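Q: quick one: sequence plus predicted model below, questions after.
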Amino acid sequence: MKFSELVRRLQATQFELAADPEIEAITPIEATQPQTLSYIEGSMFAARIATTTASALILPLEAELQAAATAAGLAWIADAQPRQLFAQAIALFYQPYRPTGIHPTAVIDPSAQLGKAVTVGAHVVIEAKVRLGDQVCIHPNVVLYPETQIGDRTVLHANCTIHERTQIGADCVIHSGAVIGAEGFGFVPVPAGWLKMPQSGYVILESQVEVGCNSTIDRPALGNTRIGRGTKIDNLVHVGHGCQVGEDCIMAGQVGLSGAVQVGNRVIMAGQVGIVDHVKIGDGAIASAKAGVHSDVAAGAIVTGVPAIPHRLFVKATAVFNRLPEMYQTLRQVQKQLGIERK
Amino acid sequence: MKFSELVRRLQATQFELAADPEIEAITPIEATQPQTLSYIEGSMFAARIATTTASALILPLEAELQAAATAAGLAWIADAQPRQLFAQAIALFYQPYRPTGIHPTAVIDPSAQLGKAVTVGAHVVIEAKVRLGDQVCIHPNVVLYPETQIGDRTVLHANCTIHERTQIGADCVIHSGAVIGAEGFGFVPVPAGWLKMPQSGYVILESQVEVGCNSTIDRPALGNTRIGRGTKIDNLVHVGHGCQVGEDCIMAGQVGLSGAVQVGNRVIMAGQVGIVDHVKIGDGAIASAKAGVHSDVAAGAIVTGVPAIPHRLFVKATAVFNRLPEMYQTLRQVQKQLGIERK
Amino acid sequence: MKFSELVRRLQATQFELAADPEIEAITPIEATQPQTLSYIEGSMFAARIATTTASALILPLEAELQAAATAAGLAWIADAQPRQLFAQAIALFYQPYRPTGIHPTAVIDPSAQLGKAVTVGAHVVIEAKVRLGDQVCIHPNVVLYPETQIGDRTVLHANCTIHERTQIGADCVIHSGAVIGAEGFGFVPVPAGWLKMPQSGYVILESQVEVGCNSTIDRPALGNTRIGRGTKIDNLVHVGHGCQVGEDCIMAGQVGLSGAVQVGNRVIMAGQVGIVDHVKIGDGAIASAKAGVHSDVAAGAIVTGVPAIPHRLFVKATAVFNRLPEMYQTLRQVQKQLGIERK
């Protein structure tokens, strides 16, 4: 694709065609090649302009960077949101694989309702009364339990499992091995051990939700587990029964939510965070990597540590933690000098 | 179902029929509707009796609550174990889906032995010499490696994998994506890197064990990995090769056991707990969420933190941890006042 | 097998045939039986020589142990690397199950290229232009997305998923439920929420890599995620998009790597370790169990804690942490005695 064609398709308004190079691929800035487009962001990459072997760059709206690129003979596009433009550029060169048609080995119950242009891969199993929206795409070896509902354009990747009492909205992506709607972990202590609490509730994923590989979202005894519109969940995340997660949240890899956690909108949970049952997290809060959240978190707060405390306090206390051995010695010396008995 | 019928089926002895309402569903106390049964437990819910829209309640044996419910015109059942009664009530309204018969697309080796009334879903693969007890229920896309044994009434959910050298007892539930009996993580350092230790041992799950979605239980080089009767394991839990877990334990989400851990009976491991290899945990001990257990834990002990220490000590030490910045300043002032040199 | 035959097959040079017993199995030293071979290593097991019911032992090169075994009438083999010899001995008695041939229910695209002696289990799905080396072994219900490449003798266990843009080398083992090459977790914040960054990069596993059950290795937006030759990955591990892991590393259960982490050779990451994005770990470094690594780690360093610090410092600081309550009291007493105001 000619660079000028790329500019046209991206509807860019600020650009320099230079020699209008042929663009064959997008490359990371560390490994550029001729006839590729790459991406420069921030001061630390500015030095790359002089040395890159790429033929074209995506730049932020910085006149100095643009001038340097032009001087280096590079074609470029600039945008106030260069990262977003970069994503759109990659999408021009690469679209993930989608199966086509309905594979003859798929087992589809006659009572299932399929929308228009649904694709179903080999060995998929669709049980009774399942309802699939238009353009739903199901990769091989997926299993849908009875009466599940999948919204328009949602993609289910290979080997994922959608359990009964699950409703998935439109434009969602469920990655391989994810399990949505399985029985929550509810047991009642009885003299003979543990009595299973039947899990008769629902799991509801609103639209534009993404669930990572091998992540699990359980259904509750009653009521529902809900993931709000636009929330993105990474791999190996566990969402317990009855959790209510808001919109546009980010849950990074290996995060775990116990039961009945309430998470607001635009909350960010970094990798390996754990949240104790019934805790409430306010809108826009951030839980740092590995935080263990035992009590409610206010909107906008940043918490860190186990148990999680305000991030700034954690940073200060941790700095002192690393000096505890010397503090201990100093305090001993103080005790000695003051004649305070050692405990 | 009439409330009187529900009372009869639950064999309740303490109840108030009121207008003997029709009960159509069970609802959580936060979201009751007319013609539903709900559940009230503990002081914090007592206020709900006046405001609930439910037609009937399950109550504990508290005369005051019962009188309030009667005064509000509600039907009710009371029991010394109301949570258990609630579980039994839900089971009257909801039973999870089970496939029926043996699906023609299942691939079952002729040498496999199937008990009475076994159900096998679509695309299941049962390899040579597998033995299934009576009423075993296998959902679609499950794979059983050769010579595995599954006890009576055990349920295997979609997409789980049972590896060779695995024996699963009666009345177990293996949830979707779980992998039982795969090769343990055993490698011997050699000059060229890591030599694989063959994993020729067994995994034994006793009866009434539940294994959560995408959890993994590995087989050892020799001997066995054993999970005791009635132990319940949540999602994304890892049990390493050679672990011995007792009866009626609870392992919450994302718990990890290294190799050869020995866990007693009725031990509770909260979410994201990790236990170092060869550690022994005594009967009835509790490891709090995110604890990292590096050394043996006595029966009945409660441990917290990384490395895990007695819970009470952890709570006290953590309270001081949060005051470390001020302690550090105070100690500096003390040093100055006493003329002690700064280290 | 006669013990003398076993000696011959293991090419052992130091041994004592004794009565040349028949060896029927290998047993762990805690549970020996007659006509079995067991393994003794280190001082703590020496006492077992007098009491073991095994007929033969593998010993280290310690004359005292050998003399004791001979005196006890036991056959034995001794080696400078007894653990390695033990692994080789087990392999004489046990080889894991491999399917044979190509099962008629497997769905293999005509454009796929299969090497010699490939075995493919039931209900496997192999999409277009997949390339399989010689003697590749694929267990049931595995899915290979289009254009994936699998090297000679690599084994894919049941229910694992290999996504597009994945290249797996020779002699690898991918365990059940693992997902290799799925889309990395990349989203750009936009006013409407999160825009998906297309993940057009590759995942490359070099030769002799092992990936545990339900572990996930994601592909990046550009470039590749790479796992070096001989690296062994345990169960439920997450490797984020763009990570570069060196050769002969060990990643224990539930380890998580964020995006673009750079790990050297022979690095050991213990259970539940988490590594923040873009961090660099030097050759031979060790991250202790549950460590949270937020900054670069030098070659050969051992780090512990969250955030991770040098292991020795962590041990010392933790010892003081456990005494914080008494330190706090002491410091209060000091303040009082010196008339320093309480903050």
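A: Okay, I see it. Numbers count the residues shown, from 1 in each chain, chains lettered A, B, ... in the order given.
Q: ok, which residues in the stretch 1-150 of chain A are in contact with chain C?
A: A:26-28, A:30-31, A:81, A:83-84, A:86-87, A:90-91, A:93-97, A:99, A:103, A:105, A:121-123, A:139-141 (CB under 8 Å from any CB of the partner chain). Using the backbone N, CA and C atoms, a C-beta is placed for each residue, glycine as well.
Q: make it 10 Å
A: A:25-31, A:36, A:38-39, A:81-97, A:99, A:103-105, A:121-124, A:139-142 (CB under 10 Å from any CB of the partner chain).
Q: nearest spatial neighbour of residue A:225, chain-adjacent residues omitted?
A: residue A:203 (4.7 Å; CB to CB, 6 or more residues apart in numbering or on different chains).
Q: can you report phi and psi for that neighbour?
A: When read as degrees, to the nearest 10, the backbone of residue A:203 gives phi -110, psi 130.
Q: read off the pLDDT value for it.
A: On pLDDT, residue A:203 comes in at 98.
Q: check contacts around it.
A: Contact analysis of residue A:203 by CB atoms under 10 Å, 6 or more residues apart in numbering or on different chains lists A:148, A:162-168, A:180-182, A:184, A:217-220, A:224-227, A:239, A:241-243.
Q: now intersect those residues with the strands, please.
A: A:162, A:166-168, A:180-182, A:217-219, A:224-227, A:239 (DSSP state E).
Q: how about low-confidence regions in the stretch 201-343 of chain A?
A: For the stretch 201-343 of chain A, the stretches with pLDDT under 70 are A:342-343.
Q: just the helices from it, written as ranges.
A: A:311-321, A:324-338 (DSSP state H, counting those that start in this stretch).
Q: is residue A:16 bridged to anything, and to what?
A: With DSSP bridges as the criterion, residue A:16 is bridged to residue A:76.
Q: residue A:56 versus that one, what's the distance?
A: In this view, residue A:16 and residue A:56 are 9 Å apart by CB to CB, to the nearest Å.
Q: what do those two both touch?
A: In contact with both residue A:16 and residue A:56: A:3, A:7, A:69, A:74-77, using CB under 10 Å, 6+ apart.
Q: closest to residue B:339 out of those residues?
A: Nearest to residue B:339 out of the shared contacts of residue A:16 and residue A:56 is residue A:69 (CB to CB; 62.3 Å).
Q: can you count the residues close to residue A:279?
A: The tally of other residues near residue A:279 (other CB atoms under 10 Å in any protein chain shown) stands at 18.
Q: give the contact list for it.
A: A:257-258, A:260-263, A:293-297, A:308.
Q: distance of residue A:21 from chain C?
A: To chain C, residue A:21 is 18 Å away according to CB to the nearest CB, to the nearest Å.
Q: right, and that residue touches residue A:33 too?
A: No. Using CB atoms under 10 Å, residue A:21 makes no contact with residue A:33, being 11.6 Å away.
Q: in the stretch 201-343 of chain A, which residue sits nearest chain B?
A: residue A:320 (3.8 Å; CB to the nearest CB).
Q: show me the contacts for the nearest residue to that residue once chain neighbours are set aside.
A: In this structure, residue A:320 finds its nearest non-sequential neighbour in residue B:324, 3.8 Å apart by CB to CB, 6+ apart. Residues in contact with residue B:324 (CB under 10 Å, 6+ apart) are A:313, A:316-321, A:323-324, A:327, C:321, C:324, C:327-328.
Q: of the contacts of residue A:279, which is the most crowded?
A: Neighbour counts for the contacts of residue A:279 peak at residue A:257, which has 32 neighbours (criterion: other CB under 10 Å).
Q: hmm, that one is touching residue B:234, no?
A: No. With contact defined as CB under 10 Å, residue A:257 and residue B:234 do not form a contacting pair (11.8 Å).
Q: quick check: neighbours shared by these two?
A: A:218, A:238, A:240, B:253, B:271.
Q: ok, the first one to residue A:103 distance?
A: Looking back up the chat, that one is residue A:218. 30 Å.
Q: please say which of the two ends up with more neighbours.
A: residue A:218 (31 against 17).
Q: what's the neighbour count on the residue nearest to that one when sequence neighbours are not counted?
A: Spatial nearest neighbour of residue A:218, chain neighbours left out: residue A:184 (4.1 Å); criterion: CB to CB, 6+ apart. If you count neighbours by other CB under 10 Å, residue A:184 ends up with 27.
Q: pLDDT at residue A:184, what is it?
A: 98.
Q: test my guess that it contacts residue A:197.
A: Yes. Residue A:184 is within contact range of residue A:197, at 8.0 Å (criterion: CB under 10 Å).
Q: which ones are touching residue A:151?
A: When contacts are counted by CB under 10 Å, 6+ apart, residue A:151 touches A:115, A:131-134, A:136, A:167-172, A:205-209.
Q: how would you label the nearest residue to residue A:46 once chain neighbours are set aside: helix, strand or coil?
A: Excluding the flanking residues, the one nearest residue A:46 by CB to CB, 6+ apart is residue A:65, at 6.2 Å. What DSSP: H, G, I helix; E, B strand; the rest coil gives for residue A:65 is helix.
Q: with residue A:89 instead?
A: Assignment for residue A:89 (three-state DSSP): helix.
Q: that one: how many residues sit nearby?
A: Neighbour number of residue A:89 under other CB under 10 Å is 23.
Q: out of the contacts of residue B:324, which are buried?
A: A:313, A:316-318, A:320-321, A:323-324, A:327, C:321, C:324, C:327-328 (16 or more other CB atoms under 10 Å in any protein chain shown).
Q: take the residues you listed and write them to JSON lines, including distance to residue A:192.
A: Compiled in JSON lines, these are given as follows (distance: CB to CB, whole Å):
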{"residue": "A:313", "distance to residue A:192": "46"}
{"residue": "A:316", "distance to residue A:192": "50"}
{"residue": "A:317", "distance to residue A:192": "46"}
{"residue": "A:318", "distance to residue A:192": "46"}
{"residue": "A:320", "distance to residue A:192": "50"}
{"residue": "A:321", "distance to residue A:192": "46"}
{"residue": "A:323", "distance to residue A:192": "53"}
{"residue": "A:324", "distance to residue A:192": "48"}
{"residue": "A:327", "distance to residue A:192": "52"}
{"residue": "C:321", "distance to residue A:192": "41"}
{"residue": "C:324", "distance to residue A:192": "43"}
{"residue": "C:327", "distance to residue A:192": "47"}
{"residue": "C:328", "distance to residue A:192": "46"}
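Q: in these, find the pair that's most separated.
A: Farthest pair in these, by CB to CB: A:313 and C:327, 18.5 Å.
Q: quick check: the two most widely separated of the shared contacts of residue A:257 and residue B:234?
A: So, the shared contacts of residue A:257 and residue B:234 by CB to CB: farthest apart are A:218 and B:271, at 13.0 Å.
Q: who touches both of the two?
A: With CB under 10 Å, 6+ apart as the test, residue A:218 and residue B:271 both reach A:185, A:238, A:240, A:257, B:234, B:253.
Q: can you narrow those to ones near chain C?
A: Applying CB under 10 Å from any CB to those, none is adjacent to chain C.
Q: among these, which one sits closest to residue B:289?
A: When the shared contacts of residue A:218 and residue B:271 are compared against residue B:289 (criterion: CB to CB), the nearest one is residue B:253, at 9.7 Å.
Q: my guess is that closest one contacts residue A:216. True?
A: Yes. At 8.2 Å, residue B:253 counts as touching residue A:216 under the criterion of CB under 10 Å.
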